[in-house]
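Student: Below are the sequence and a predicted model; questions follow.
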Amino acid sequence: MTVTTGPATTNEATTDAATGTRRPRRTTRGFIRRHWLSVLSPLVALALWEFASRSGMVSPVLFPPPSAIAVHAVEVLTSEPEFGGHIWATVRRLLLTAGIAAVAGILVGTLITVTRFVGTGVENLLAFIFPVPSLLFLPMITFLVGRTETALLLTAAVTPVLIMVNATVFGMRQIDRSLVEAGRHYGARGTRFFSGVLLPGAMAAIVPGFRVALGFSLITVVALEMVMSETGLGAVLWLSWRILQVQDMYVALLVVAILGLLVTRGLNAVMDRLAPWQATGNTP
Amino acid sequence: MTAVRSWAWRIGPLLVAALVWELLVRTGVLDAQFFPPLHSILQGFVEAFTAERIYADIAVTLQRLGIAFVVAALLGIPLAIGIGRSQVIDGISRPFVDTLYPVPKVALLPMIILLTGAGEVPLLLVTGLTAFLQITISVSGAVRSIDTTLLEAGSNFGATGVRHITRVVLPALMPAIFSALRTALGLCLVTLIVVEFLSSRTGLGAFVAISWQTLSVNLLYVGVLVTAVLGHGLNALLRIIERKSLPWNVSWAGAAP
């Protein structure tokens, strides 16, 4: 049941976001009638792959038929607690990285906004390192904290933090002046000014920023797991490729893809439900 | 005058940061073995640009980036226009684009290496795919939001078929295309550096990885700084091209970072 409605609901959320309107839930049949091409094209692709692999046009060792991968996925996910451990390791890192990004990003962003002179300097400094991939900070961070889990998390958080800083600064700068002054007049100072005026005022920019930061966190976490970890989906991808455990690699890839979909589309759907007045774009 | 001031604002903080770095190293807060003082990083620059192979690495990275990015743009922009203008193309390609877009492209690297063998091709494919999906998604969104008066005026004046695309749709899209290209180029560079770091012996990403492995700490920092400069340089280059080719468009004026 969940298997058949899963893709349907995901796509439905997408079309909703694209047209900016909310439709009542449709049946699976109605969905297929409207989107039969989108249902058909991946099925055709999978069928071609299945055929090519079964007939030996491509190596079935390197490219096992999708049906075999599906069977293997069910097997691995239900009977190998180790694989569940890898998924949990990645999810945990993803959440921690995004958490670091949110806290540090909003904090630094606020400081940049309220301290004009130093703030602009720090902002420009951060802008300078923005194009550098997080991964390149790994050596420096390992010099400081060793090749540890902390190093992985801190490195993964570099770009997401910068994204959150940008979003926070942007959001806070566009707050209506009169709101800021009203807040001041009614005596909001210090942390109360932050939690009562700045933060809620900037939320409209912080929330979409967090979506982007979360997407980037998934990228950096997986990449770092490939480089320096024994656990997590990135490690499975990298190791199973090396020892030619190809089916494990495909299952890991599948789970990463699902995580990616959850992180973007899933979060969009949640946000649409929580804040329906704020139209979410189709993409982060 | 304002130009001088904006440059001072960009360079000044870097100098202050360098000063703070030097202070932290001198006072022993940062271990000088891993965080060398400025003069030895400068030495690293001299070394990298005279004795070392960093020219070759920069050239390799730029070449890969150029190939992957140009191919991605040449495939992505037409597909995006197709998606925006035709329900059939939209229906067929949407599941693939929507599924692949949020997947970290680095995760595809092992599979692509299996597909094509190790070497240059997997690097180009992973990098190109990143840019391709970004361009396709951003531009197809823009195609749907083209002002309908433009389209109707175009067809009233007889622009149909190919002329409709080249004379009406493309010009209307140019600002969106440039903005998509800039985003895509940034992502493309990041992905390329990461895959070079992971699985190549050449290119800037590999330069940093190798410097790290051999503990050539000075060169390590040189690699990181060169990457940052390259990223800004490429972005500036696209902005200049945009300004030259779309003089009527004002989006660049206020959008500078």
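Tutor: Nice, I can see it. Residues are numbered from 1 along each chain as shown, chains lettered A, B, ... in the order given.
Student: Only C-alpha atoms from now on, for both contacts and neighbour counts.
Tutor: Will do.
Student: Is there a neighbour count for residue 222? I'd like the number.
Tutor: Reading this off chain A. When neighbours are defined as other Cα atoms under 10 Å in any protein chain shown, A:Val222 has 28 of them.
Student: my question was about chain B
Tutor: By other Cα under 10 Å, 24 other residues sit near B:Val222.
Student: just B:Val70 next, same as before
Tutor: That count, for B:Val70 with other Cα under 10 Å as the rule, works out to 16.
Student: Contacts only, for it.
Tutor: For B:Val70, the contact set (Cα atoms under 8 Å, 6 or more residues apart in numbering or on different chains) is empty.
Student: quick one: which helix or strand includes it?
Tutor: Applying DSSP states H and E as the criterion places B:Val70 in helix B:54-85.
Student: Next secondary structure element downstream of that helix?
Tutor: By DSSP H and E, the next helix or strand past helix B:54-85 is helix B:87-100.
Student: any idea where the helices of the chain begin and end?
Tutor: Because you didn't say which chain, this covers chain A. Here chain A has its helices, by DSSP state H, at A:2-19, A:28-34, A:36-54, A:66-79, A:81-114, A:116-129, A:138-145, A:149-173, A:177-185, A:190-193, A:199-228, A:233-242, A:246-261, A:267-274.
Student: actually chain B
Tutor: B:2-26, B:38-50, B:54-85, B:87-100, B:109-116, B:120-144, B:148-156, B:161-163, B:170-199, B:204-213, B:217-245, B:251-255.
Student: per-residue pLDDT, residue 23?
Tutor: In the absence of a named chain, chain A is used. Looking at A:Arg23, its pLDDT stands at 51.
Student: meant chain B, my bad for not saying
Tutor: Value listed for B:Leu23 in the pLDDT field: 88.
Student: for the one 5 residues further on, same thing?
Tutor: B:Gly28 carries a pLDDT value of 83.
Student: likewise the one 5 residues further on?
Tutor: In the prediction, the pLDDT value recorded for B:Gln33 is 83.
Student: what residues are up against it?
Tutor: B:Val217.
Student: go with 10 Å
Tutor: A:143, B:25, B:215, B:217-218 (Cα atoms under 10 Å, 6 or more residues apart in numbering or on different chains).
Student: What about those residues, which one has the most neighbours?
Tutor: Counting by other Cα under 10 Å, top hit in these: B:Asn218 with 25 neighbours.
Student: so how far is A:Arg147 from it?
Tutor: Between B:Asn218 and A:Arg147 the computed distance is 20 Å (Cα to Cα, to the nearest Å).
Student: same question, A:Ala235
Tutor: Applying Cα to Cα, the value for A:Ala235 to A:Arg147 is 15 Å.
Student: out of the two, which sits in the more crowded spot?
Tutor: A:Ala235 (23 against 15).
Student: doesn't A:Asp248 make contact with that one?
Tutor: No: using Cα atoms under 10 Å, A:Ala235 is not in contact with A:Asp248; the gap is 11.1 Å.
Student: For B:Thr227, list the residues it contacts.
Tutor: B:Thr227 makes contact with A:129, A:131-133, A:136, B:58, B:61, B:189-190, B:193, B:204-205, B:208, B:221, B:233, according to Cα under 10 Å, 6+ apart.
Student: what residue of chain B is the furthest out?
Tutor: B:Asn156 (39.2 Å; Cα atoms, centre = their mean).
Student: dump the residue contacts of that residue.
Tutor: The contact partners of B:Asn156, taken as Cα under 10 Å, 6+ apart, are B:Leu150.
Student: Contacts for stretch B:85-93 next, please.
Tutor: With Cα under 10 Å, 6+ apart, stretch B:85-93 has contacts from A:34-42, B:79-84, B:94, B:97, B:140, B:143-144, B:165, B:169.
Student: 7 Å - rerun?
Tutor: A:35, A:37-38, A:41, B:82-83 (Cα atoms under 7 Å, 6 or more residues apart in numbering or on different chains).
Student: pLDDT at A:Thr2, what is it?
Tutor: A:Thr2 is given a pLDDT of 34.
Student: And for B:Leu198?
Tutor: 92.
Student: The stretch 151-257 of chain B against chain A: which residues are in contact?
Tutor: Residues of the stretch 151-257 of chain B lying near chain A by Cα under 7 Å from any Cα of the partner chain: B:186, B:190, B:194, B:198, B:212, B:224, B:227-228, B:231.
Student: Now with 6 Å, please.
Tutor: Counting by Cα under 6 Å from any Cα of the partner chain, the residues of the stretch 151-257 of chain B close to chain A are B:190, B:228, B:231.
Student: Dump those residues to JSON lines, plus pLDDT.
Tutor: Converted to JSON lines, these look like this (pLDDT from 0 to 100):
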{"residue": "B:Val190", "pLDDT": "94"}
{"residue": "B:Ala228", "pLDDT": "94"}
{"residue": "B:Gly231", "pLDDT": "94"}
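Student: With neighbour count added, can I get those in CSV?
Tutor: Output for those, formatted as CSV (neighbours: other Cα atoms under 10 Å in any protein chain shown):
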residue, neighbour count
B:Val190, 23
B:Ala228, 18
B:Gly231, 22
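Student: All good on my end, thank you.
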